[in-house]
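>>> Build me a model:
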Amino acid sequence: MQIALFQPDIPQNTGTILRLCACLGVEAHLIGPAGFPMSDSAFRRAGMDYLDRVDISRHVSWPQFDAWRRGEGLRLVLFTTRAQASFLDHRYKAGDILLFGRESAGVPDEVHDAADARVLIPMRAGLRSINVAMAAAMALGEALRQTGGFPATVIADGDGGDR
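Next up is the predicted model:
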């Protein structure tokens, strides 16, 4: 499972998603141009020291990313409010790339049309969208649950130690 962010606008959201990827062992793809400098220092505040633990691939443009993923034969699942199908009803595959659009504008039609699947997170009427970092966490959780892709975990023993 992989996560891709299309031209992210907010470094704190990107850092949070990179931290999520680090903790769950998921590769992250950043598709430029972004609304901020795509440097590690721009993500450090939200991603903290987790940035050293995530595999990040940076793509300078949508065409470059799309050519790469098609060459790899990877399926692209777009999370969009313009979809009809719930993300809970979609059947994920281990090699899927979960794509999230810009916080301010989503994705253009070219990107929307290139996706192999388009899904949405159902929410109350009259509201526009869920924060992209929260949406990524919900989506990745469901995709990993379906594919058995969660990493092995350490369980806290209740007194602050691990067992």
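>>> neighbours of Leu76, just the number please.
Leu76 has 20 neighbouring residues, counting by other C-beta atoms under 10 Å. Heads up, the C-betas are built off the backbone N, CA and C, glycines and all.
>>> before we move on, what about Phe150?
With other C-beta under 10 Å as criterion, Phe150 counts 13.
>>> and if you look at Ile10?
18.
>>> and if you look at the one 3 residues further on?
Using other C-beta under 10 Å, Asn13 has 21 neighbouring residues.
>>> Contacts only, for it.
Applying C-beta atoms under 8 Å, 6 or more residues apart in numbering to Asn13 gives the contacts Ala46, Glu103, Asn131, Val132, Ala133.
>>> Just flag the most distant two among the residues you listed.
Across these, no pair lies farther apart than Ala46 and Glu103, at 13.5 Å, counting by C-beta to C-beta.
>>> circling back: by pLDDT, give me the weakest of the contacts of Asn13.
Note: of these, the lowest pLDDT belongs to Ala46, at 55.
>>> helices and strands around the top helix by length along the chain, which ones?
In the chain, taking DSSP state H as the definition, the longest helix is helix 132-147. Here helix 132-147 touches strand 2-6, helix 11-24, strand 76-79, strand 97-100, going by 3 or more C-beta pairs under 8 Å, 6 or more residues apart in numbering; DSSP states H and E.
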